[in-house]
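S.K.: below is the sequence, then the predicted model.
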Amino acid sequence: MKEDTLVIHEIYASIQGESTFAGLPCTFVRTTGCNLRCTWCDTTQAFYGGTRMARADVLARALATGTDLVELTGGEPLLQPGVFPLMRELCDQGRTVLVETSGEADVARVDPRVHKIMDLKAPGSGESHRNRWSNLEFITERDEIKFVLASRTDYEWMRDIVRSRDLSSRTPKLLASTVFGKLSPRDLVTWVLEDALRVRVQLQMHKYIWAPETQGV
Ligand SMILES: C[S@@+](CC[C@H](N)C(=O)[O-])C[C@H]1O[C@@H](n2cnc3c(N)ncnc32)[C@H](O)[C@@H]1O
Ligand SMILES: Nc1nc2[nH]cc(C(=O)O)c2c(=O)[nH]1
Ligand code: SF4
Ligand SMILES: [Mg+2]
């Protein structure tokens with residue numbers, strides 16, 4: 001059965017560095033493969049390779065660390081059909097489950113107990129045309145919508161989307177992040193305040209704890 005195995009890049013425990021869960025101990029299950037190529041992607045090593053594992057073994061490894069939080073990320077986790085039952089099983093085991101997803105993959109099959117953290121790709125990513133806007137129908141208060149911004153142009157794009165699509169009516173968790181080393185967080189904060197935009201500015205905490213290029217943290 002195609003849902004019985006998954007191709008996995010890595011499984012490890014760390015501190016959640018992003019989202020409203022930042023700072024909490026979290027186990028990361030990073031799947032291999034992505035159908036997008038964001039210009040600034042910091043995880044290109046997860047595009048290829050990986051190890052095919054039985055879903056039951058992935059579940060056991062993810063539970064073994066003992067963290068309450070488990071995040072599915074990648075690569076793009078929703079490309080592999082086995083991820084859907086895996087997330088369900090993690091919820092059944094009492095874990096708080098997060099999935100970090102690109103905004104291109106269809107989120108309809110994600111268990112409603114899972115916290116979706118959905119990126120909407122801004123123009124600077126080169127993948128903005130891939131945003132699946134119908135995914136917004138599946139976003140509830142539990143979920144988070146995230147923008148990773150490379151420039152002022154990206155910021156204005158986000159601001160216009162937040163307003164024109166009334167995103168805060170779907171969830172109060174609207175995250176505005178910078179492409180690490182590309183856009184100054186101070187500039188982003190200035191613009192958010194100038195516009196009194198209701199977004200949560202967030203930085204990737206793990207890139208301050210460890211050297212920014214460190215993998216597996
Ligand atoms: C590597 S992606 C994997 C999950 C999924 N493919 C996605 O894009 O959401 C995980 C998160 O890291 C963010 N990210 C990747 N490269 C980044 C960078 N250079 N600076 C800031 N965030 C980055 C992505 O936007 C995404 O929110
Ligand atoms: N510490 C840490 N937190 C994270 N939150 C989301 C991550 C991701 O790569 O999706 C990530 C990551 O790579 N490391
Ligand atoms: S969708 Fe995610 S994993 Fe894929 S290239 Fe973009 S940031 Fe990287
Ligand atoms: Mg990462």
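M.R.: Structure's in. What do you need? Keep in mind that what you see is a predicted model, and the values were worked out from it rather than measured. Ligands and ions are numbered 1, 2, ... in the order given.
S.K.: OK, contacts around the residue lying closest to residue 125 once chain neighbours are set aside?
M.R.: With sequence-adjacent residues excluded and distances taken as C-beta to C-beta, 6 or more residues apart in numbering, residue 125 is closest to residue 38, at 4.2 Å. All C-beta spots, glycine's among them, are computed from the backbone N, C-alpha and C. Contacts of residue 38 were listed using C-beta atoms under 8 Å, 6 or more residues apart in numbering, and they are 121, 125, 126, 127, 148.
S.K.: neighbour-wise, which one of those residues leads?
M.R.: Tallying neighbours with other C-beta atoms under 10 Å puts residue 148 at the head of the contacts of residue 38, with 27 neighbours.
S.K.: checking my notes, it in a strand, right?
M.R.: Yes: in this structure, residue 148 lies within a strand as judged by DSSP: H, G, I helix; E, B strand; the rest coil.
S.K.: from residue 118, how far out is it?
M.R.: 12 Å (C-beta to C-beta, to the nearest Å).
S.K.: hmm, back to that, show me the two of the contacts of residue 38 that sit farthest apart.
M.R.: 126 and 148 (12.2 Å; C-beta to C-beta).
S.K.: now the top helix by length along the chain, how far from the chain's geometric center?
M.R.: In terms of residue count, the longest helix belonging to the chain (DSSP state H) is helix 152-164. Relative to the mean C-alpha coordinate of its chain, helix 152-164 is positioned 19 Å out (C-alpha atoms, centre = their mean, to the nearest Å).
S.K.: quick check: mean pLDDT of it?
M.R.: Helix 152-164 shows a mean pLDDT of 98 in the predicted model.
S.K.: next SSE after it?
M.R.: Going down the chain from helix 152-164, the next helix or strand is strand 174-178, by DSSP states H and E.
S.K.: do the following helix or strand past that following strand and ligand 1 meet?
M.R.: Next along the chain after strand 174-178, taking DSSP H and E as the criterion, comes helix 185-195. No: with C-beta under 6 Å from any ligand atom as the criterion, ligand 1 is not reached by helix 185-195; the gap is at least 10.9 Å.
S.K.: for helix 185-195, output the C-alpha coordinates as CSV.
M.R.: What follows is helix 185-195 as a C-alpha-only set of coordinates in CSV (Å, rounded to 0.1, in the frame of the first residue of the first chain):
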residue,chain,number,x,y,z
PRO,A,185,13.8,42.3,10.5
ARG,A,186,14.0,45.9,11.6
ASP,A,187,12.7,47.1,8.2
LEU,A,188,9.8,44.6,8.5
VAL,A,189,8.9,45.8,12.0
THR,A,190,8.9,49.4,10.8
TRP,A,191,6.6,48.7,7.9
VAL,A,192,4.2,46.6,10.0
LEU,A,193,3.9,49.5,12.5
GLU,A,194,3.5,52.1,9.8
ASP,A,195,0.6,50.2,8.4
